[in-house]
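Asker: Mind looking at a prediction? Sequence and model below.
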Amino acid sequence: MLEIKDLELTYRSTQGAYYAVRKVNLRIDRGELYTLLGPSGCGKTTTLRCVAGLERPDSGEILIDGKPVFSSRDGIWVPPHQRPIGMVFQSYAIWPHMSVFENVAFPLRQGAQKIRKEEIRDRVMQALSTVHLDHLAERPAPFLSGGQQQRLALARSLVKQPKVLLLDEPLSNLDAKLREEMRLEIRSVIERLGITTLFVTHEQIEALSMSDVVAVMNDGNIMQEAAPKDIYSAPTSPFVASFIGKSNVFAATVVSEVAGETVVASAIGRLRCRSPFAVKLGDQVMVSVRPEDISVAGGRTGDSDNIVEGALGQAVFIGDALECAVKVGETEVRIKTPRDTDLAIGAPVSLAIAPRHCRLMRPH
Amino acid sequence: MTLVSPAEIQRQPAEEGRGLLDRLPFDPFTVISGAVVISSCAVVLGLVGIVGWLSLVEGLPGDAGKALTLVNYHKVFEDPFVLTVLWNTLQFCFATLVVAMPLGLIGAWLVERTDFSGKTVVLSLMSIGLLIPGFASAMGWLYLLHPRIGVVNTWLGDLFGLAEAPFNIMTIAGMGWVQGLSLAPLIFVMTAAVFRAMDPSLEEAASTHGVKTWRVMMKVTLPLAWPGILAAAIYVFVIGFAAFDVPAVLGWGNRIFTFSTFLLSVINGSEGLPRYGLGAALSAVVIVIAGLLGYLYSLMQRKAHRYTVVTGKAYKPKLIELGRWNIAAWIGVVLYFSFSKLVPLVLLVYASLLPFFQFPSLRAFKSMSLSNYYSVPWGLATEALGNTLILMLLTPTITLVISVAFSWIVLKTRAPGRKTADFIAFLPHAVPNVIFGIGALLAALYLLQSFIPIYGTIWLILLVFVVARLSYGTRMTNSGLIQIHKELEEAAQISGATGFGTFRSVILPLLSPTLMYAWLWIALLTYRELTLAVVVSSSGNVTLPVVVWSLWSSGGLGRASALAVISMLLVVPLIVVYWFIAKRRGALAA
């Protein structure tokens, strides 16, 4: 179990101080895979490095299985080599002067307590077979392919049986095909071992497909934390809405609020919405609608759908679908429709949007 | 606080069982490195400082408590002979540059920018060329162009019935010629790096716009390389101040002094009492000159970095096709190496076999014998060889240990003053080395003698050698350490390695090729080093080059030549090893 409380870290330079991490709080239960997702510079890697002990935070607390490894209040600082963690680096950080076996054996050979040779051998081979590398144990580490190096890094991080596994953008150096494969493999190894994992990535697809919980970070803050499905379907801020998947986001004003159904006036007209929070008349809000939740209304629509009239501005064929920009007044609405939809540029289209797909968010 | 199960306690005995050192707030390895860095900086600054201090003391500074005075500076600027020496030195530096610059530049351009077929040959000979002692080629040149006995002069004189010798090597211009030939490799190494770092797309951009090749060179290549070239020029100019071998061999006998040789004559009292005050004041003046040049140098370096446009792209620049000029380039290369190394060395060997030097003739060949080799003072020579070998082992080892400590502190910690430490380690590059020699000599004589009697021992030489190589050593370890990805080190920490454990098991093995290469290079430079050794040596701590020099300066040209030949033969195996290591590192391929 990993807990981070009120973590803060500021970088100071000649230009002044800037927050890399501000008041980050999170809790990862035993065996859970928790992902920090965000654009570069959002503080996700810094947070992870604080857990590893490679960065020293200014204030806050980090607890592993309830034991503090850092606490500004109690003056506790455990150096990285004494923390019960394993880590896979973005560059894999495979030591090129050692063999595959020696790379994995290294963590076992450190520390005051001496482990018997046979036990080292057994544990290394076991870790290697977990990632299907046992047949390459004697190979010099630089003679591995990218994917194999990735697995080796994983085996090395697991061999000490750490309490927390840290993954720092581990897939970003792989090509697309291998990346897909490794996503599944890492997920299954972690599931099998039941190890508490903190995963950092800027790829939403990795975050959504591998995690139990996804936290979107921006500017040193955690913006939203939820299960992958929830964070995709129910973003609570414009940033999350457009960072995960694509979203049309409009400013709007609440014009009526009746029995769970809210009506807002927006740049594309009046929309009936679901509001996840309490609103009152005249409130300034934001509406987000995902392009794939907007359909082209071919005459018959559900009674409850919002209908928006516009003109097709542009259509781009992307293989499995058409991505279109529809002009509604001065505003452009992006939609994604089946690839066989019959559309002509400049022709009028009516768009149908179910109220449950119009998500209200607080502005800012 | 959660309860910890017994099983968990068992799995974690390491945390409780760690030693005292691990509980310290600082990593002990870093603390030791810091101590090494601080004391090394103190030594470097101390050596410069003592020169400054003694320049302000009149007479022999043996008795303390003397008032400070500027009288030594008055002597420097009022003695016409001292001014002549300074003027000589400037001319000498300039002549050196005029000879070395075109040769080195053309070589670098051939290797980096053309399809010249002899690149490995040039690269090998250039680096080996730096290892051939300057005094050996200077001796050879003396035999070639001595106004009375020089082979070329005699031959031309006989051929054309000249009354006077056409060439005289024992002049400032002659010294500059010889020194320039032997420093061309340095210009080569420094400017080749500039050419290599340049983004070829800048040149390609020009040529795709229809600019002719030679105009691209003049308008794009040269202006881009200019700061780097200027930096190399300044460096070689400063070396001119420190050069001892060539001016000593060619000028000592006729009292044509440059800064280094004059400094030595002043401090070892070859004309009366040692005049340490004057030597120190002269050194201080040169430190100021070198400081200005060093400042210029750093400006140029910064500009060069701004220009290098390091893209990290692995594009090979388009090479200029030499075509028929390939042969011309070969001829040039052969001529350069013949003149700078081969011919002087052949003459040196020839002279070492003769009882006295004479024009090659049947009679001369008949009189050849090994008698010079027999009459070398072998007792002294073997003692000197022993000293030299000890220095060859210790100088690179200690230099690199200190350099690693510097790089660790400068690059891997956030210690305050780390930038300053790096600058101080770089000082021996900017200040003529001979000044560190003088500083060490004065410190040993007047400050340390009573409690650390280091004067007259090889430890004094060792100290000066280490200081002199510190800038090279730290540049090598800095670049070696930068190339080791930070995450490799962090991965070791995460794996449970302490600071020292990380260093020993990850950084040191990855740094070792760089260290081995630098070790060998420093060892080879130590073997040939005359300048510094001659400054701090006395009867008890001679090195091999010092014995050669003292034989030569006392008139035993034949025996000096014989010992020079022997000392060069001895180092051949090591040069071969160096060549193989350099080749494996890829240092000999363009």
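Answerer: That came in fine, so what should we check first? Since this is a predicted model, take the numbers as computed values, not measurements. Numbering: from 1, shown residues only, chains lettered A, B, ... in the order given.
Asker: Show me which residues of the stretch 151-300 of chain A are close to chain B?
Answerer: Counting by Cβ under 8 Å from any Cβ of the partner chain, the stretch 151-300 of chain A comes close to chain B at A:156-157, A:160-161, A:166. Where you see a C-beta, it was placed from the backbone N, CA and C, and this is true even at glycine.
Asker: Redo those as a markdown table? Include secondary structure and neighbour count.
Answerer: Shown next, in a markdown table, are these (DSSP: H, G, I helix; E, B strand; the rest coil; neighbours: other Cβ atoms under 10 Å in any protein chain shown):
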| residue | secondary structure | neighbour count |
| --- | --- | --- |
| A:Arg156 | helix | 30 |
| A:Ser157 | helix | 26 |
| A:Lys160 | coil | 22 |
| A:Gln161 | coil | 13 |
| A:Leu166 | strand | 25 |
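Asker: Find the pair from those residues with maximum spatial separation.
Answerer: Using Cβ to Cβ, the two most remote members of these are A:Gln161 and A:Leu166, lying 14.5 Å apart.
Asker: How about the contacts made by B:Gly150?
Answerer: Listed by Cβ atoms under 8 Å, 6 or more residues apart in numbering or on different chains, the contact set of B:Gly150 reads B:142-144, B:165, B:167, B:169.
Asker: switch to 6 Å and redo it
Answerer: Residues near B:Gly150 by Cβ atoms under 6 Å, 6 or more residues apart in numbering or on different chains: B:Leu144.
Asker: what about it, distance to B:Leu250?
Answerer: Distance of B:Gly150 to B:Leu250, computed by Cβ to Cβ, to the nearest Å: 12 Å.
Asker: now swap in B:Val466 and tell me
Answerer: Using Cβ to Cβ, B:Val466 is found at 29 Å from B:Leu250.
Asker: Could you look up the SS state of A:Arg270?
Answerer: Secondary structure for A:Arg270, judged by DSSP: H, G, I helix; E, B strand; the rest coil, is strand.
Asker: ugh, wrong one, I meant B:Ile484
Answerer: Going by three-state DSSP: B:Ile484 is coil.
Asker: repeat for the one 3 residues further on
Answerer: Following three-state DSSP, the label given to B:Glu487 is helix.
Asker: need the longest helix for chain A.
Answerer: helix A:176-193 (DSSP state H).
Asker: Who are the packing partners of that helix?
Answerer: Contacts defined by 3 or more Cβ pairs under 6 Å, 6 or more residues apart in numbering or on different chains; DSSP states H and E place helix A:176-193 against helix A:204-210.
Asker: Can you mark which positions in the helix it packs on are buried?
Answerer: Residues of helix A:204-210 classed as buried: A:204, A:206-208, A:210 (neighbour count, 16 or more other Cβ atoms under 10 Å in any protein chain shown).
Asker: Tell me what whichever residue of the stretch 201-350 of chain A sits closest to chain B is bridged to.
Answerer: Closest residue of the stretch 201-350 of chain A to chain B, Cβ to the nearest Cβ: A:Thr201 (16.5 Å). Legend: beta-bridge partners of A:Thr201 under DSSP bridges are A:Leu37.
Asker: what's near enough to touch it?
Answerer: By Cβ under 6 Å, 6+ apart, the contact set of A:Thr201 is A:37, A:169, A:207.
Asker: Pick the one among those closest to B:Gln449.
Answerer: When the contacts of A:Thr201 are compared against B:Gln449 (criterion: Cβ to Cβ), the nearest one is A:Glu169, at 61.6 Å.
Asker: What is the nearest of the residues of the stretch 151-300 of chain A next to chain B to B:Leu90?
Answerer: For these, the residue nearest B:Leu90 by Cβ to Cβ is A:Arg156; the value is 61.0 Å.
Asker: I'd say the closest one and A:Ala105 touch.
Answerer: No - assessed by Cβ atoms under 6 Å, A:Arg156 is found out of contact with A:Ala105, at 8.9 Å.
Asker: Please enumerate the shared neighbours of these two.
Answerer: With Cβ under 6 Å, 6+ apart, A:Arg156 and A:Ala105 have no common neighbours.
Asker: pLDDT below threshold where in the stretch 201-350 of chain B?
Answerer: Scanning the stretch 201-350 of chain B for pLDDT under 70 picks out the ranges B:201-203, B:206-207, B:210, B:213, B:269-272, B:301, B:303-318.
Asker: So, low pLDDT: which residues of the stretch 251-364 of chain A?
Answerer: Across the stretch 251-364 of chain A, the ranges flagged by pLDDT under 70 are A:298-303, A:364.
Asker: Need the residues that contact stretch B:565-575.
Answerer: Outside stretch B:565-575, the residues that reach it (Cβ under 6 Å, 6+ apart) are B:128, B:349, B:352, B:527, B:544.
Asker: 10 Å instead, please
Answerer: B:124, B:127-128, B:131-133, B:135-136, B:139, B:345, B:348-353, B:372-373, B:376, B:381, B:384-385, B:388-389, B:392, B:520, B:523-524, B:527-528, B:543-545, B:547-548, B:578 (Cβ atoms under 10 Å, 6 or more residues apart in numbering or on different chains).
Asker: Kindly export that stretch (C-alpha atoms) in PDB.
Answerer: What follows is stretch B:565-575, C-alpha atoms only, in PDB (Å, rounded to 0.1, in the frame of the first residue of the first chain):
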ATOM      1  CA  VAL B 565      67.400   7.400 -28.900                       C
ATOM      2  CA  ILE B 566      67.300   4.800 -26.100                       C
ATOM      3  CA  SER B 567      64.500   6.600 -24.300                       C
ATOM      4  CA  MET B 568      62.500   6.700 -27.500                       C
ATOM      5  CA  LEU B 569      63.100   3.000 -28.200                       C
ATOM      6  CA  LEU B 570      62.000   2.100 -24.600                       C
ATOM      7  CA  VAL B 571      58.600   3.800 -25.000                       C
ATOM      8  CA  VAL B 572      57.800   2.200 -28.400                       C
ATOM      9  CA  PRO B 573      55.900  -0.800 -26.900                       C
ATOM     10  CA  LEU B 574      53.700   1.500 -24.800                       C
ATOM     11  CA  ILE B 575      52.900   3.600 -27.900                       C
END
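Asker: and it, how far out from the chain's middle?
Answerer: Relative to its parent chain, stretch B:565-575 has a centroid offset of 19 Å by Cα atoms, centre = their mean, to the nearest Å.
Asker: residues of that stretch that come out buried?
Answerer: B:565-568, B:571, B:575.
Asker: Quick check: of those residues, which lies closest to chain A?
Answerer: B:Ile575 (27.8 Å).
Asker: Okay, B:Trp177 and chain A: tell me how far apart.
Answerer: 48 Å (Cβ to the nearest Cβ, to the nearest Å).
Asker: Let me see the contact set for that residue.
Answerer: With Cβ under 10 Å, 6+ apart, B:Trp177 has these contacts: B:95-96, B:98-100, B:141, B:145, B:167, B:169, B:171, B:246, B:250, B:339-340.
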